[in-house]
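**Student:** just a sequence and a predicted model for now, questions to come.
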Amino acid sequence: MKRLDKLTLADLCRGAAFLGTGGGGDPYIGRLMVEQAMDEGCHVDIMSLDELPDDCLVIPTAMMGAPTVLIEKLPRGDEAVRSLQTLERHLGRKAFATMPIEVGGINSTMPLVVGARLGLPIVDGDGMGRAFPELQMETFAVYGVSGTPMVVTNEYGDSALITTRDNKMMEWIARGVTIRMGGAAYIAEYSMSGADAKRTSVPGTMSLAVQIGRTIREARESNQDPFDALLTLLPTTPYSFGKIIFQGKVVDLKRETRNGFALGESLIEGLDPWRGQMHLSFQNEHLIARIDGVVQAIVPDLICVLDSETAEPITTETMRYGQRVKIMAVAVPPIMRTPEALALFGPQAFGLDEPFTPIETIG
Amino acid sequence: MRIGIDVGGTNTDAVLMDGQTVVSWHKTPTTADVSGGIEAVLGAVMADAEVSPDQITAVMIGTTHFTNAVVERERLLEVAVLRLGLPATTALMPFADWPADLKARLGGHTYLLHGGVELDGRPISPLDPDEIRKAAADIKSKGLKTAAVTSVFSPVDPGMEDEVAAILRAEVPGLHVTLSREIGRIGFIERENATIMNACLVELAARVVRSFENALKALDIKAPFFISQNDGTLMDADYVARYPVLTFASGPTNSMRGAAFLSGVKEAMVVDIGGTTSDVGMLRQGFPRESSVAVDIGGVRTNFRMPDVLAIGLGGGSRVRDDGARVGPDSVGFALTEDALVFGGETLTTTDIIVAKGSADIGDPAKVAQLDPDLVTRTIGTWHQMVDTAVDRMKTSAEALPVILVGGGAVLITEALPAASEVIHPPHATVANAIGAAIAQVGGVTDRVFSLEGLSRDDALAMAKDEATRKAVEAGADPQSIEIVDIEEVPLAYLPSSATRIRVKAVGDLTISGA
C-alpha cells in the first residue's frame, strides 16, 4: 500500500487530466477536496490489485454528469460517501475498498475523498483506462460485472437506488436522475469481489497517472521538452505508443450541454509546420480527430489536447479561442481494444461511422 | 499627441508620444498620494517638449497599484463574502486555496446562504430574505464596508445576485457590493476569488482614480484619460473605480508590449525590473504569451486572460542583506530617495551597489565609495543569478532566446545571462511600461443572449463579432486594425427557444485625431 502525499496527489491530478482526453472534468476541485481531507488528518492509501483479497467487497465511487456543471456547482462534499453507505446498507455488507470507475479527470480524485473520509484503501486501477461519457463504458461491464445495484445522491441527500436489467439501462436511468439533480450527481456502482476487480480492471492506472504527471512536471522543471519526455515514457507502460498528430491555434469552438453531456466541436488552425485545420469532436471527451475529413485518431485511443509549450492538459471546458495547442494521440492497452470492449466504447458506440483504427497504424 | 503614464510602486513614468515617436519622457518617484508624482512627471514631459495642455489628445495610465496592494497585503478592506448555493458548494469553503495571510487580512467573513440556480435556471434553493438580512446585520455590526456576492451559475441567471445586492444596500447603507457575474465567467472558485479581490480593493480604487483626476486637473489637461486593463486595452475611470481587479495584469502586458515596440524583436524573453519586483515573461509574435489555464495573483487562483508572468522580489529598491548573498524580496519602495545610501539614507539597496560599481549615476556616488568591492561583486552576482533562474524557468524550451531588459531597474543587469542568447537594452527601456500604456488598444465588447430560433449559430456569431467591432470603432479603434480576441458562449438550456449567451471582444489601435 502506498500513502499519497500532496506532491504525488498533484502529479496524479495532472496525469488524470491527461488521461481524461479533454473530459472527465478538471481534477482541481477534487484535488482541493482531497487536500482538505489530508489537512484534517485523513490518509489516502492506494492499494495494488495484487494486495486485494479475492473475497472482499469493492465499491467504486464517482461523480456523474457534465464537467461544465461541476466547475460551477460545487458539491456539498459528502454525496459520494452517502452513495457508498446507502449501497452498503442495501447489500448488507461493508466495503473493504473503493476504487475509481474512471481514471481520467476528476473521477480519479472522488474515490480518494471517499477513501480518506471513511478510512478505506483506494484500488490502483479503474474501469475505463481514460475517461468516457457513459456508465456502461467500463471494462467491468465488458467482462461481466453488473453496474447495479447503484446509488445516485445529490447535495440534499436525496438518493435513488437503481436496479436495472443491464448496464446500458442503468446509464439511461441514472442519467435522467442526474439531470433532475442539476446535471452533476455522485454515485456508487459496480460493486464486486476482489477477484472480479483483478479480472476486469485496467490495472495500475492510478500509478500511471502519477507517472505521467511527474514526467510533465520534471520535464518542465529541467527545461526539457515535456512532449519528448511523454513520448519516451509511454512505450514503457501498457499505453505503449504515442505521437503528436497536430499543432495549432484554436479558431472555433462550439459546445452545448444537452441530455447531461457536454457536446461540441473545435477547430484548430495549423501552425508551422502543420498545414490545414484539425477538427475535433467531443462528447465530454474527445472522440475523433480529422484533417480534411481524414481520421487522424479515433476513440478509444486517447486524443489529448495539450498546451503547446507546457504540455498542460486542456479540458474541453477550459479550451478557448486563440490557445496554442498540440494534440497527442495515445494507444490504449489491449484489454480496451478487444471486440467486446470496442462494442461498448468503440466508435460505433458514439454513433461514428468510421471503424476503429489503432493509432500506431494511422499515417 | 498622447501621454502614457505608468504608476509603479516606486516610480511614476511618463512619455509624450507623437504617432510612433517618443517626443520626451520623464521619471519621478511615486508619491504616497499618487497625484503628486503624476503632476510632477506630466509637468516635466510637457515642459521638455514645450507642449501646451490643449495639444494633448489623450492620456493613458497603467498602474500596478492594485496588484501591489494584494501582493503586499496592504491597503485592503476586510470583505464580507456572500455565497449563494446551499446546500451545495460546502465541499470547498470560500478562500479554500488562498494563502493563509491574505485570507486573514481580508478577515475571513463568510456567509453561506441559500440560493443559486442550476444550469437550466431552476433554483437550487430559493433565496431566504431573513437569512440575507441576518447576514446584513452581522456585516453592519462588524462595520464592513465592502461585500462580494457570488451565486452558483450567475452568468446564466444573475437575478439572485441582484436581489441580494438590493437587500444589502438597503440594510447596510454605503456598502460597496461587487457581483461576481460582472467580474468573471463560468468557473465558480475562480470567479468567487476574483470577486473577493475586487471587493477588497474598491476603496483604494476610488482614491487612486480621484488622484489621477486631480493631477490632470491641476495641469489643466482636458483630454480624456483611460486606464489600461489586463488584456492591454483601455477602460474609463468610472469603470476602474468599480472593477479595479481588471487592471491586475496591465503592468506586465504594458511593459512587454512596450519592450516589443522599442526593440523591434518579437520572439524574446522580457525582464521588467521595477523598484520592488521584476516580471519575467515571454513574447511570441510581439504579444505576451498567455497562461493557458488559471493564473495566480498574490497566490490566488483566477480565470482572467493574462500574460504568463513570473514575479521575483528584485528591483532597484531591494534591500541587500547577508553580505550580498541575499537581495530582496522586500524593498524600500517609494522611500528610495530617502532611505538609500546614495541619497543619504541608511539602507543598503541594489541601487547603491550598482552606483558603487560605477554602472549607474544616481544620487551621490561619494556616499557609496567606501563599500567593499567584494561585497559589490558578490551582490551583483546574486541578482544576476536570480534573473537568470527566472528567465530559465519561464522559457518553454531549452533553446536560448534574446532577453529584452526594460524598467527603471534595467541598469542592474550589466553582465551576460547564461540563459540568454543576447541581452538587449533598448532605448527608452526605463519607460517601456508607459510606452506600452501609450500604444494600448481600445476594445469593444458585446455580451448578450441570441435566440437560435431561425438564426444559425454562425450567423449569431457573425452578428456578435460585428457588434463588438462596431463598439470598438465607436470607442476610437482604427477599423483597419481590429481583431477579435475573445469569443465565449454559454448555452442557456432553460430558455424555451434554443438560446445562447455570446460574449465577443474586439480590439484595435486607438486612432487619435491630430496624432
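**Tutor:** Alright, I've got the coordinates. From a predicted model like this one, the values you see are computed outputs, not experimental measurements.
**Student:** for the rest of this, base every contact and every neighbour count on C-alpha atoms.
**Tutor:** Noted.
**Student:** what sits against A:Thr109?
**Tutor:** A:13, A:27, A:30-31, A:34 (Cα atoms under 8 Å, 6 or more residues apart in numbering or on different chains).
**Student:** show the pLDDT at it.
**Tutor:** In this prediction, A:Thr109 carries a pLDDT score of 97.
**Student:** how near is it to chain B?
**Tutor:** The span separating A:Thr109 from chain B equals 13 Å under the rule Cα to the nearest Cα, to the nearest Å.
**Student:** which phi and psi values does that residue adopt?
**Tutor:** phi -100, psi -30 (degrees, to the nearest 10).
**Student:** what about it, distance to A:Val202?
**Tutor:** Here the criterion is Cα to Cα, to the nearest Å. By it, A:Thr109 lies 17 Å from A:Val202.
**Student:** which helix in chain B runs the most residues?
**Tutor:** What stands out as the longest helix in chain B, according to DSSP state H, is helix B:188-218.
**Student:** does chain B have contacts with the lowest-mean-pLDDT helix or strand in chain A?
**Tutor:** Least confident helix or strand, chain A: helix A:67-70 with a mean of 79, by mean pLDDT, DSSP states H and E. Yes. Contact of helix A:67-70 with chain B is found when judged by Cα under 8 Å from any Cα of the partner chain, involving A:Val69.
**Student:** three-state assignment of the closest residue in space to A:Leu344 that isn't next to it in sequence?
**Tutor:** If you skip the residues right next to it in sequence, A:Leu344 has A:Met137 as its closest partner in space, 5.6 Å away by Cα to Cα, 6 or more residues apart in numbering or on different chains. Using DSSP: H, G, I helix; E, B strand; the rest coil, the secondary structure recorded for A:Met137 is coil.
**Student:** mind checking how far the spatially most central residue of chain A is from chain B?
**Tutor:** Compute the mean C-alpha point of chain A, and by Cα atoms, centre = their mean the closest residue is A:Gly104, 2.2 Å away. A:Gly104 sits at a distance of 18 Å from chain B (criterion: Cα to the nearest Cα).
**Student:** grab the nearest non-local neighbour of that residue.
**Tutor:** When the adjacent residues along the chain are set aside, A:Gly104 lies closest to A:Gly20, with 3.7 Å between them (Cα to Cα, 6+ apart).
**Student:** quick one, what contacts the one you found?
**Tutor:** If you count contacts by Cα under 8 Å, 6+ apart, A:Gly20 has them with A:103-105, A:130-131, A:285, A:304, A:315.
**Student:** close to chain B: what parts of the stretch 51-200 of chain A are there?
**Tutor:** A:69, A:71-78, A:155-156, A:182-183.
**Student:** what about B:Gly174, how many neighbours?
**Tutor:** The local packing count at B:Gly174 equals 11, with neighbours defined by other Cα atoms under 10 Å in any protein chain shown.
**Student:** now do the helices in chain B.
**Tutor:** Assigned by DSSP H, the helices in chain B fall at B:35-49, B:65-72, B:100-105, B:129-142, B:159-171, B:188-218, B:237-242, B:250-263, B:336-339, B:350-357, B:373-394, B:432-438, B:457-474.
**Student:** just checking, what packs against the fifth one?
**Tutor:** Other helices and strands packing on helix B:159-171, by 3 or more Cα pairs under 8 Å, 6 or more residues apart in numbering or on different chains; DSSP states H and E, are helix B:129-142, strand B:146-151, strand B:176-179.
**Student:** how about low-confidence regions in the stretch 1-150 of chain B?
**Tutor:** Across the stretch 1-150 of chain B, no stretch falls below the confidence threshold (pLDDT under 70).
**Student:** and it, which residues reach chain A?
**Tutor:** When proximity is defined as Cα under 8 Å from any Cα, the stretch 1-150 of chain B approaches chain A at B:85, B:87-92, B:96-97, B:118-120.
**Student:** okay, now the unreliable bits of chain B?
**Tutor:** Across chain B, residues meeting the criterion (pLDDT under 70) sit at B:292-294, B:396-398, B:492-498, B:512-515.
**Student:** for stretch A:82-96, the distance to its chain's centre please.
**Tutor:** For stretch A:82-96, the distance between its averaged C-alpha position and the chain's averaged C-alpha position is 24 Å (Cα atoms, centre = their mean, to the nearest Å).
**Student:** what does it contact?
**Tutor:** Contact partners of stretch A:82-96, identified using Cα under 8 Å, 6+ apart, comprise A:56-59, A:61, A:120-121, A:149-153, A:157, A:159, A:161, A:186-188.
**Student:** which members of those occur in strands, if any?
**Tutor:** Residues of these located in strands (DSSP state E): A:57-58, A:61, A:150-153, A:159, A:161, A:186-188.
**Student:** show me the two of the residues you listed that sit farthest apart.
**Tutor:** Within the ones in strands among the contacts of stretch A:82-96, A:Leu57 and A:Ser159 form the most distant pair, 21.6 Å apart (Cα to Cα).
**Student:** quick revisit: okay if I get the helices and strands packed on helix B:159-171 as TSV plus mean neighbour count?
**Tutor:** Compiled in TSV, the helices and strands packed on helix B:159-171 are given as follows (neighbours: other Cα atoms under 10 Å in any protein chain shown):
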stretch	mean neighbour count
helix B:129-142	16
strand B:146-151	27
strand B:176-179	24
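**Student:** a markdown table please, covering these and showing distance to B:His428.
**Tutor:** Supplementary listing: the helices and strands packed on helix B:159-171 in a markdown table, determined by distance: least, Cα to Cα, whole Å:
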| stretch | distance to B:His428 |
| --- | --- |
| helix B:129-142 | 49 |
| strand B:146-151 | 41 |
| strand B:176-179 | 39 |
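**Student:** what about the strands in the stretch 251-363 of chain A?
**Tutor:** Using DSSP state E, counting those that start in this stretch, the strands of the stretch 251-363 of chain A run over residues A:261-270, A:277-283, A:285-291, A:294-298, A:302-307, A:324-330.
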